[in-house]
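Visitor: Pasting the sequence and the predicted coordinates here, then a few questions.
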Amino acid sequence: MILLYIFLGISILIPIYTYIVYPYVLKLFPNKILREDSSYQPNVSIVIVRNRGDSISHKVENIAVSEYPAVEEILIADNYESACGLFCNVKGEIIVITDSSSLYKYDTVSRLISPLSDNKIGCVCGMLRKQTDKNGQSTDGLIWKYENQIKLLESNIGTLSGANPAVYAVRKQLIPEKIPIGVKLDFFIPTFVTEMGYDVVFQPNAVAYEVAQWDNKNLFHIHVLDGSSAYRSIVCFWKLLLPRKGSFVFWSHRVLKWLVPFNLMMVLFCSVMLAINSRLFMFFTLIQIVGYIYILLYHHLYVARNKQMGGFIGKLSEFTCYFFTLNLAWLLGLFKK
């Protein structure tokens, strides 16, 4: 009985820490002013990863009008695996990695490169903004704003938990010789840079715009792949599980967050077991079951049909549904080969 209470308490505290307490802990660190040196203009190679169904020409044209004067070459990869094969042979000192679904502002590359004038910085992540494909307006939801705010706070200690896949730059010398198949580059590369002892920072002035995905089935599949990549990455970066630079962020924003799917199952399991002798836990179990049923109904009636429920209840339902489907996808990712 005591063990059930212990497991229940731990399973509740871990999600609370990683999603709520962790951002407040980051705020305890002093704000770090990112130094930008516009005179720093090393040769740059831009690698564009083609997303399925996207035309590449609009992206190349978009990069071509950049104000940055030292773009050495623009390389196109059909997928992230082929992109890995290009990294070793690029001509530029700095590699900018992006995808075909995003568009840059005229000064995005310049803004992305300028912090690298500091030799302590090895990787810079830009700001990815979401747009709809219906009216072109920003659709940066609560979760997306939350993630960007976390990046801004993590940047103060020089360690990001990952980059935005459409807009980040890394020194060529810090690209690993071998990148495991199936890992996410926007997580693997910044984490590798951290492990090498360099800072990874967030540059909110380097902006890319991406058309939001309206295909929720495709989005769920992406999250499953993210989960599969995440659990593989623990093996690759086991050193960050030990006390060293980057381990605090790795534990708080990655490892503990990847445990949340199991925490949710443990909370339900412990509640059911404790409900045998307790009306309070019987009520707690009932709330969870009703909540899961509501999420399934909301997903079927709204998310699966690309509809939205208005008002506060709609926003709360959307956030809750996203949270639980994300964790379900990560759980399924554990079993994906």
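Guide: Alright, I've got the coordinates. Numbering: from 1, shown residues only.

Visitor: Residue 266 is in what secondary structure piece?
Guide: With elements delineated by DSSP states H and E, residue 266 resides in helix 256-274, which encompasses its position.

Visitor: and that helix, what does it pack onto?
Guide: helix 2-16, helix 216-236, helix 279-298, helix 311-333 (3 or more C-beta pairs under 8 Å, 6 or more residues apart in numbering; DSSP states H and E). Any C-beta I mention is one placed from the backbone N, CA and C, and that applies to glycine too.

Visitor: any idea which of those helices scores lowest on pLDDT?
Guide: Least confident of the helices and strands packed on helix 256-274, judged by mean pLDDT, is helix 216-236 with a mean of 78.

Visitor: who's in contact with the helix holding residue 266?
Guide: Counting by C-beta atoms under 8 Å, 6 or more residues apart in numbering, the neighbours of helix 256-274 from elsewhere in the structure are 1, 4-5, 7-8, 10-12, 14-15, 17-19, 227, 230-231, 234, 281, 284-285, 288, 324, 327-328, 330-331.

Visitor: Name the nearest residue to residue 150, ignoring sequence neighbours.
Guide: In space, and not counting its chain neighbours, residue 150 is closest to residue 23: 6.1 Å by C-beta to C-beta, 6 or more residues apart in numbering.

Visitor: pretty sure that neighbour is in contact with residue 152, am I right?
Guide: No: between residue 23 and residue 152 there is no contact, the gap being 10.2 Å when judged by C-beta atoms under 8 Å.

Visitor: what does the average pLDDT come to for stretch 154-174?
Guide: The model assigns stretch 154-174 a mean pLDDT of 94.

Visitor: buried residues in that stretch?
Guide: Across stretch 154-174, burial judged by 16 or more other C-beta atoms under 10 Å covers 154-172, 174.

Visitor: So which of those belong to helices?
Guide: Taking DSSP state H, the ones among these that sit in helices are 154-155.

Visitor: then stretch 284-303 to CSV, C-alphas only?
Guide: Output of stretch 284-303 as CSV, limited to C-alpha atoms (Å, rounded to 0.1, in the frame of the first residue of the first chain):
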residue,chain,number,x,y,z
PHE,A,284,-10.1,10.3,-8.5
THR,A,285,-10.1,7.3,-10.7
LEU,A,286,-13.6,8.2,-12.1
ILE,A,287,-12.4,11.7,-12.9
GLN,A,288,-9.5,10.3,-14.9
ILE,A,289,-11.7,7.8,-16.8
VAL,A,290,-14.2,10.5,-17.6
GLY,A,291,-11.4,12.8,-18.7
TYR,A,292,-9.9,10.3,-21.1
ILE,A,293,-13.4,9.6,-22.6
TYR,A,294,-13.9,13.4,-23.1
ILE,A,295,-10.5,13.6,-24.8
LEU,A,296,-11.4,10.8,-27.2
LEU,A,297,-14.7,12.4,-28.0
TYR,A,298,-13.0,15.8,-28.5
HIS,A,299,-10.4,14.3,-30.8
HIS,A,300,-13.0,12.5,-32.8
LEU,A,301,-15.4,15.4,-33.2
TYR,A,302,-12.9,18.3,-33.6
VAL,A,303,-9.3,17.4,-34.0
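
Visitor: And the most centrally placed residue in the chain, its phi and psi?
Guide: Per C-alpha atoms, centre = their mean, the C-alpha nearest to the average position across the chain is that of residue 162, at 5.6 Å. Here the main-chain torsion angles of residue 162 (degrees, to the nearest 10) amount to phi 170, psi 170.
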